[in-house]
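Novice: Provided below are the primary sequence and the corresponding predicted coordinates.
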Amino acid sequence: MTVTTADTAGPLATAPEGERPLVAVTGLIRRFDVSKPWLNRMIEGRGRATLTAVSDVNFAIPERSVYALVGESGSGKSTIGKIAVGLLAPSEGTVAIDGIDLHREASTAERRRVRAEIQMVFQDPYASLNPRWRVGDIIEEPRRALGPRAGSKSAGDLLEAVGLSARDAEKYPHEFSGGQRQRICVARALASGPRFIVCDEPTSALDVSVQAQVLNLMKDLQADLGLTYLFISHDLSVVRYMADTIGVLYLGGLVEQAPRDTLFAAPRHPYTRMLLEAAPRLDAFGREVPPPKGEIPDPINPPTGCPFHPRCPLVQERCRIERPVQRAVGETRVACHAVEEGRG
Amino acid sequence: MATPVLEVRDLVVEIPTRRGVLRPVDRVSFSIAAGETLGVVGESGAGKSMMGSAVIGLLSRPTHIAGGEVLLKGERIDNLGRAAMRRVRGKRIGMVFQDPLTSLNPLLRVGDQLVETIRTHLPVTRAEAEQRALNALLEVGIPAAEERIGSYPHEFSGGMRQRVVIALALCAEPEFVIADEPTTALDVSVQAQIIALLRRLCRERGTAVMLITHDMGVIAEAADRVAVLYAGRLAEIGPVAEIVQRPQHPYTEGLMASTPMATAPGQRLNQIPGAMPRLDAIPSGCAFHPRCPIGEAGCMIGETPSVATCGGRAACQVRARERDLSAMGIQ
């Protein structure tokens, strides 16, 4: 399902002309081998099976902006996040951060320099903090590992920057609530003085009122420190609050990317429209809209042509055969035959 | 007025511990009419699942009901023995829980689980039960139900599994269904399908539903009335449109304003300072007072305000007084 496209390279319209984006993702593909063990394959007469979690994804994030990836489970959003921070290697394509591709760069010094620019905030604040370490040590660790850099602060200062007290450095993670733990994770992410932070569903484990505290904090830090975020979420309302530019993922492919207001005002791709329709709203008491049809297909045997075609209301013969490529429509980039043909 | 299907009066749940008695549910009262969906919202630790478990008699020792009554169609069910309660659950009360994989038996075909439930609770033959099981699967929208009836739970996707659980909950034609976070584990597009399904089936059959969730969006779409819990107490209860658009309790106000859905892009989210109190440190007076923007000295002391003592919808004495004053024409 690899379709290389001439039309997909280059940053979005939101990137200032001529300026290199901080993060550039080009032709990114990641496959996982999900084959059964050798003996089972021999007995059952089956071949190897691969799951394409990310298929030909291209986007760019200008410095000091927030790019959000939204999608449902299995859309590949977390895989992209892990590749961006270097936790997974891409099968094909590149992720360049400040012009350096961590997986191909030969110079150790350059790799070290760029690694310190990248940090991550994970989804579950209960699983991402070592319960046996004091909070101060947890926060200091990135600085110890990556070496002191200009702009890095002490654990106490960092704790105060995220709204906790400097004395909390002496405590252990279990002494904190979920929201406070996520603040600690943010403080740790800031410790090495990074420019780029990947936030993978940072608030989906939190309650609404606590989620508001953490989102406000992350937004303030982004503005104050001039950070760049790759913000991964399944929640459109959170994304709407945080992002400058939004990319919508479906079954490993970007189906649409647009500046936030454009995406919400004029969604182009039928899947984006379906997502916006289906998202719960506060002003829709007893709303009786027909719910979306079907479910996400099996990524091991994805549909031919456009991956969305079995659920799409605008499906035509061409969608079943040919995979659409991203094309610019105004400020939006959308991969849909119907939109391209003016039917959407 | 007809007898409500479920009535809960002054329900108190207690957990005795070495350091004293904890009260995860404290004097909660509400009722649900036939065909009505009551949404129960609250953040983690508000006691919503504990209250749900108490209503259906699934508290595990040493947690127990320490006061109040639970009535199903006017009959008390909170004082039934284990065996009697088992017959009520499944027959008269259907249950849908958050994780569909753990609420289905992985070793039994879904058809057999349905047949077992139907035959336990209804006097039908095996053939009739099989026919009913098939109808139940068709009704919840399982494609190719004739074939899928022989599948095991792991062969279904998350959304389809939750449909099977709903079929299982409704197959004995219960009067009351309790759904505890039924869509939390599901994706947005599937969540919309499940909510629409639950609503349609329960309305058609006149089943009363208690929908427990932390998601205000789900509540706004699916519930007729809403009960807001805070620290085990009922903060506010009323029709969904009133609660969402004109909340009276400052906690409900804060909760509504902190949802990104209710916030215009570019605006800051409203945040409620602090966090839900722990069960062993519930503040005196109104439990919300340390976080409350309109709290007064009077909120810290004296009786815990309740919906009944404050009149109206919300358990807030400040708001009750404001209302009384404006009713008398004093600003």
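Specialist: Looks like it arrived, so ask away. Numbering: from 1, shown residues only, chains lettered A, B, ... in the order given.
Novice: dihedrals phi and psi, the residue in the stretch 1-150 of chain B that chain A sits nearest to?
Specialist: Proximity of the stretch 1-150 of chain B to chain A (C-beta to the nearest C-beta) peaks at B:Glu43, 3.7 Å away. Bear in mind the C-beta positions are built from the backbone N, C-alpha and C, glycine included. Geometry field for B:Glu43 lists phi and psi as phi -90, psi 180, criterion degrees, to the nearest 10.
Novice: count the neighbours of the residue of the stretch 151-300 of chain A at minimum distance from chain B for me.
Specialist: Ranked by C-beta to the nearest C-beta, the top residue of the stretch 151-300 of chain A for proximity to chain B is A:Pro280, at 2.6 Å. Applying other C-beta atoms under 10 Å in any protein chain shown, we find 23 other residues in the vicinity of A:Pro280.
Novice: contact partners for the closest residue in space to it that isn't next to it in sequence?
Specialist: Of all residues not flanking A:Pro280 in the chain, B:Gly217 sits nearest, at 2.6 Å (C-beta to C-beta, 6 or more residues apart in numbering or on different chains). Under the criterion of C-beta atoms under 8 Å, 6 or more residues apart in numbering or on different chains, the contact list for B:Gly217 reads A:Ser237, A:Ala279, A:Pro280, A:Arg281, A:Leu282, B:Thr259, B:Met261.
Novice: re the thing from before, how close does the residue of the stretch 1-150 of chain B closest to chain A get to B:Asp180?
Specialist: When distances are taken as C-beta to C-beta, to the nearest Å, B:Glu43 and B:Asp180 turn out to be 15 Å apart.
Novice: before we move on, the earlier item: wait, what's in contact with the residue of the stretch 1-150 of chain B closest to chain A?
Specialist: A:Asp207, A:Val208, A:Ser209, A:Val210, B:His214, B:Leu255, B:Met276.
Novice: for B:Ser258, see how far away the second one is.
Specialist: From A:Val208 across to B:Ser258, the span is 5 Å (C-beta to C-beta).
Novice: what about the helices in the chain?
Specialist: Because you didn't say which chain, this covers chain A. Taking DSSP state H as the criterion, chain A contains helices spanning A:38-44, A:77-85, A:108-117, A:135-146, A:155-161, A:178-190, A:208-225, A:236-242, A:260-265, A:270-278, A:317-321, A:337-340.
Novice: you answered for a different chain; I wanted chain B.
Specialist: With DSSP H applied, chain B shows helices at B:48-55, B:82-91, B:110-121, B:126-139, B:145-148, B:158-170, B:188-205, B:216-222, B:240-245, B:250-258, B:297-300, B:307-310, B:317-327, listed in chain order.
Novice: so the third one versus helix B:82-91, what angle?
Specialist: Just to be clear, that refers to helix B:110-121. Orientation check (axes from the mean of the first three to the mean of the last three C-alpha atoms, to 10 degrees): helix B:110-121 against helix B:82-91 gives 130 degrees.
Novice: and what of the first one?
Specialist: Here helix B:48-55 runs at 120 degrees with respect to helix B:82-91, directions being taken by the same axes, to 10 degrees.
Novice: off-centre distance for helix B:48-55?
Specialist: Distance, stretch centre to chain centre, for helix B:48-55: 8 Å (C-alpha atoms, centre = their mean, to the nearest Å).
Novice: using CSV, write out every CA atom in that helix.
Specialist: Provided in CSV are the C-alpha atoms of helix B:48-55 (Å, rounded to 0.1, in the frame of the first residue of the first chain):
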residue,chain,number,x,y,z
LYS,B,48,-20.5,7.1,41.3
SER,B,49,-19.4,3.5,40.7
MET,B,50,-19.7,2.7,44.5
MET,B,51,-23.2,4.0,44.4
GLY,B,52,-24.0,1.9,41.3
SER,B,53,-22.6,-1.2,43.0
ALA,B,54,-24.7,-0.5,46.2
VAL,B,55,-27.9,-0.1,44.1
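Novice: does that helix reach chain A?
Specialist: No: among the residues of helix B:48-55, none lie within reach of chain A under C-beta under 8 Å from any C-beta of the partner chain; the closest is 11.6 Å away.
Novice: hmm, who's touching that helix?
Specialist: Counting by C-beta under 8 Å, 6+ apart, the neighbours of helix B:48-55 from elsewhere in the structure are B:6, B:8, B:11, B:13, B:24-25, B:28, B:40-42, B:59, B:63, B:65, B:70, B:78, B:178, B:180-181, B:210, B:212, B:214, B:229, B:232.
Novice: list the contacts of residue 190.
Specialist: All of this is about chain A. Contact partners of A:Leu190, counting by C-beta under 8 Å, 6+ apart, are A:Gln119, A:Lys153, A:Leu158, A:Ala161, A:Val162, A:Leu221, A:Leu225.
Novice: try again with chain B
Specialist: Residues touching B:Val190, when contacts are defined by C-beta under 8 Å, 6+ apart, comprise A:Glu295, B:Gly158, B:Gly159, B:Gln162, B:Thr183.
Novice: per-residue pLDDT, it?
Specialist: As summarised for this prediction, B:Val190 has a pLDDT of 82.
Novice: with A:Thr4 instead?
Specialist: A:Thr4 is assigned a predicted lDDT (pLDDT) of 39.
Novice: ok, B:Ala275 next?
Specialist: Per-residue confidence for B:Ala275 comes out at a pLDDT of 82.
Novice: how near is it to A:Gly330?
Specialist: In this view, B:Ala275 and A:Gly330 are 44 Å apart by C-beta to C-beta.
Novice: tell me who's in contact with the residue nearest the centre of chain A.
Specialist: The C-alpha lying nearest the average C-alpha coordinate of chain A belongs to A:Ile232 (C-alpha atoms, centre = their mean; 3.5 Å). Going by C-beta under 8 Å, 6+ apart, A:Ile232 touches A:Ala68, A:Leu69, A:Lys77, A:Ser78, A:Ile80, A:Gly81, A:Val198, A:Cys199, A:Asp200, A:Glu201.
Novice: format those as JSON lines; extra columns: neighbour count, distance to A:Gly147 and pLDDT.
Specialist: Listed next are these as JSON lines, based on neighbours: other C-beta atoms under 10 Å in any protein chain shown; distance: C-beta to C-beta, whole Å; pLDDT from 0 to 100:
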{"residue": "A:Ala68", "neighbour count": "26", "distance to A:Gly147": "31", "pLDDT": "96"}
{"residue": "A:Leu69", "neighbour count": "28", "distance to A:Gly147": "31", "pLDDT": "95"}
{"residue": "A:Lys77", "neighbour count": "27", "distance to A:Gly147": "31", "pLDDT": "90"}
{"residue": "A:Ser78", "neighbour count": "21", "distance to A:Gly147": "29", "pLDDT": "90"}
{"residue": "A:Ile80", "neighbour count": "29", "distance to A:Gly147": "28", "pLDDT": "94"}
{"residue": "A:Gly81", "neighbour count": "21", "distance to A:Gly147": "25", "pLDDT": "93"}
{"residue": "A:Val198", "neighbour count": "27", "distance to A:Gly147": "21", "pLDDT": "96"}
{"residue": "A:Cys199", "neighbour count": "27", "distance to A:Gly147": "24", "pLDDT": "95"}
{"residue": "A:Asp200", "neighbour count": "23", "distance to A:Gly147": "25", "pLDDT": "93"}
{"residue": "A:Glu201", "neighbour count": "19", "distance to A:Gly147": "30", "pLDDT": "91"}
